[in-house]
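1. here are the coordinates; sequence isn't available:
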């Protein structure tokens, strides 16, 4: 070993001790010789050996939580703004219809109308809710559902193809009556949402409890207001929005048909969910109140009471 290497070797060994894991048997660094040779080869004789300490960048837990809170606050507020914008477009769309005329509009419109219904229902399914809770806070689920619903509606509005073919066109007093029923359906919708909890529909209530870090109370089971006459007044109001139109074009007829089937099926699955979460109280309520008024068949009729036990 030459003189320069001899001078450098102790420093190299000291440096290696700082950065190399200790041997469990001898207490010496396991890779000290190779590190020493490497340092000696890249260091000029007579110059002191300098090194840069190893550094690992970690995000403090407090900083990570702050970022998560900021993202949640932004998402919650943005969802409510998106909801308001979507409601305005929904009103204009249902009142005046689509304006784009193109080939193949009918199958595209049917696909768009169905595309709104499917994710809306899938997100409400208990297995989906359970899976989402593994990744996001429970207070964000309502906002996620509202956001997906709004985005699918806005996509539908944008790509919807209008039709010049008309099934019916009301004029005069008939037109005014139909328009009056259309506006009354909007009032009925807002009134029903008020009773069921408007914030629950947009995710605002759940998000607020997350924001204030408060434990959300158990959601009350509402049987007052419009729920005294039907189990699903929100769905009933929405039927009025799509059926009460003074000009029924073919594309609006496709929308009306698809969403009517969806509302019927959605009422059935909603009853199933409420029976699961509320239980006997909802079943007793359903034996007295039908899903929609004047419908005495299928899933929207009154629940059938269990048969009385026979005495042998």
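-> Right, received. Where do you want to start? Since we're looking at a predicted model, the values are computed, not measured.
2. So what touches stretch 254-272?
-> Residues outside stretch 254-272 that contact it (Cβ atoms under 8 Å, 6 or more residues apart in numbering) are 106, 109-110, 113-114, 117, 121, 124, 231-232, 235, 238-239, 242-243, 248, 286, 291-292, 298-300. Any C-beta I mention is one placed from the backbone N, CA and C, and that applies to glycine too.
3. surely residue 170 meets residue 247?
-> Yes: counting by Cβ atoms under 8 Å, residue 247 is a contact partner of residue 170 at 7.4 Å.
4. picking up where we left off before, can you turn the buried subset of the contacts of stretch 254-272 into a selection I can paste into ChimeraX?
-> Selection of buried members from these for ChimeraX, criterion 16 or more other Cβ atoms under 10 Å:
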select :109,113,117,231,232,235,238,239,242,243,248,286,291,292,300
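5. Restricted to helices, list the contacts of stretch 254-272.
-> Among those, DSSP state H puts 106, 109-110, 113-114, 117, 121, 124, 235, 238-239, 242-243, 286 in helices.
6. Return the member of these nearest to residue 75.
-> Nearest to residue 75 out of these is residue 124 (Cβ to Cβ; 19.2 Å).
7. Name all residues that make contact with the closest one.
-> Counted by Cβ under 8 Å, 6+ apart, residue 124 has contacts 145, 269, 273.
8. Same list (the ones in helices among the contacts of stretch 254-272) but as a markdown table, adding distance to residue 183 and pLDDT.
-> Converted to a markdown table, these look like this (distance: Cβ to Cβ, whole Å; pLDDT from 0 to 100):
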| residue | distance to residue 183 | pLDDT |
| --- | --- | --- |
| 106 | 29 | 82 |
| 109 | 25 | 89 |
| 110 | 28 | 89 |
| 113 | 23 | 90 |
| 114 | 27 | 89 |
| 117 | 25 | 81 |
| 121 | 28 | 80 |
| 124 | 28 | 79 |
| 235 | 18 | 93 |
| 238 | 14 | 94 |
| 239 | 15 | 94 |
| 242 | 14 | 96 |
| 243 | 14 | 96 |
| 286 | 31 | 93 |
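9. could I get these as JSON lines with distance to residue 265?
-> Listed next are the ones in helices among the contacts of stretch 254-272 as JSON lines, based on distance: Cβ to Cβ, whole Å:
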{"residue": "106", "distance to residue 265": "22"}
{"residue": "109", "distance to residue 265": "19"}
{"residue": "110", "distance to residue 265": "16"}
{"residue": "113", "distance to residue 265": "13"}
{"residue": "114", "distance to residue 265": "12"}
{"residue": "117", "distance to residue 265": "8"}
{"residue": "121", "distance to residue 265": "8"}
{"residue": "124", "distance to residue 265": "12"}
{"residue": "235", "distance to residue 265": "11"}
{"residue": "238", "distance to residue 265": "13"}
{"residue": "239", "distance to residue 265": "13"}
{"residue": "242", "distance to residue 265": "15"}
{"residue": "243", "distance to residue 265": "17"}
{"residue": "286", "distance to residue 265": "17"}
